[in-house]
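Q: The following block contains a protein sequence and its predicted model.
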Amino acid sequence: MAIPNIKRFRPFCPKCNESYTLMAVLPKDTNVDAFLADAVNRHDHKAFSDGKVQQSKIRVGQQKQKKAK
């Protein structure tokens with residue numbers, strides 16, 4: 001089920017040098033540029049970089065094995 005009035009934005013963070021996805025439901029009379037500027041200022045750089053590293057990790061080692069019957 002999707003929320004019909006949700007907007008997806010891809011602001012660029014100059015500190016991280018990357019874009020990230022931001023989804024929000026904004027009122028009609030909201031200034032989108034001001035909202036995105038504030039969102040970039042509030043962006044958590046450490047959590048974003050940690051999540052990116054964790055997502056790209058490759059699991060190496062013992063894998064779960066199937067039991068033979």
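A: Sure, I can see it.
Q: if I pick Phe35, what's in contact with it?
A: With contacts defined as CB atoms under 8 Å, 6 or more residues apart in numbering, Phe35 is in contact with 24, 26. Yep, even glycine has a C-beta here, placed from its N, CA and C like the rest.
Q: Can you pull the phi/psi pair for the nearest residue to Asn5 once chain neighbours are set aside?
A: Nearest-residue entry for Asn5: Val25, 5.7 Å, with adjacent residues in sequence omitted and distances by CB to CB, 6 or more residues apart in numbering. According to degrees, to the nearest 10, the main-chain angles of Val25 amount to phi -110, psi 110.
Q: same question, Ala34
A: Dihedral angles (degrees, to the nearest 10) for Ala34: phi -70, psi -40.
Q: Next, count neighbours for Phe48.
A: 15 (other CB atoms under 10 Å).
Q: Next one, pLDDT for it please.
A: Looking at Phe48, its pLDDT reads 74.
Q: So for the worst-scoring helix or strand of the chain on mean pLDDT, what gets flagged as buried?
A: Lowest by mean pLDDT, DSSP states H and E among the helices and strands of the chain is helix 45-55, with a mean of 75. Using 16 or more other CB atoms under 10 Å as the test for burial, helix 45-55 gives no buried residues.
Q: And the strands in the protein?
A: 7-9, 12-13, 18-19, 22-24 (DSSP state E).
Q: what would these look like in a markdown table with mean pLDDT and mean neighbour count?
A: Shown next, in a markdown table, are these (pLDDT from 0 to 100; neighbours: other CB atoms under 10 Å):
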| stretch | mean pLDDT | mean neighbour count |
| --- | --- | --- |
| strand 7-9 | 87 | 12 |
| strand 12-13 | 82 | 13 |
| strand 18-19 | 82 | 12 |
| strand 22-24 | 87 | 12 |
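Q: So Pro14 versus Ile3, what's the distance?
A: According to CB to CB, to the nearest Å, Pro14 stands 30 Å off from Ile3.
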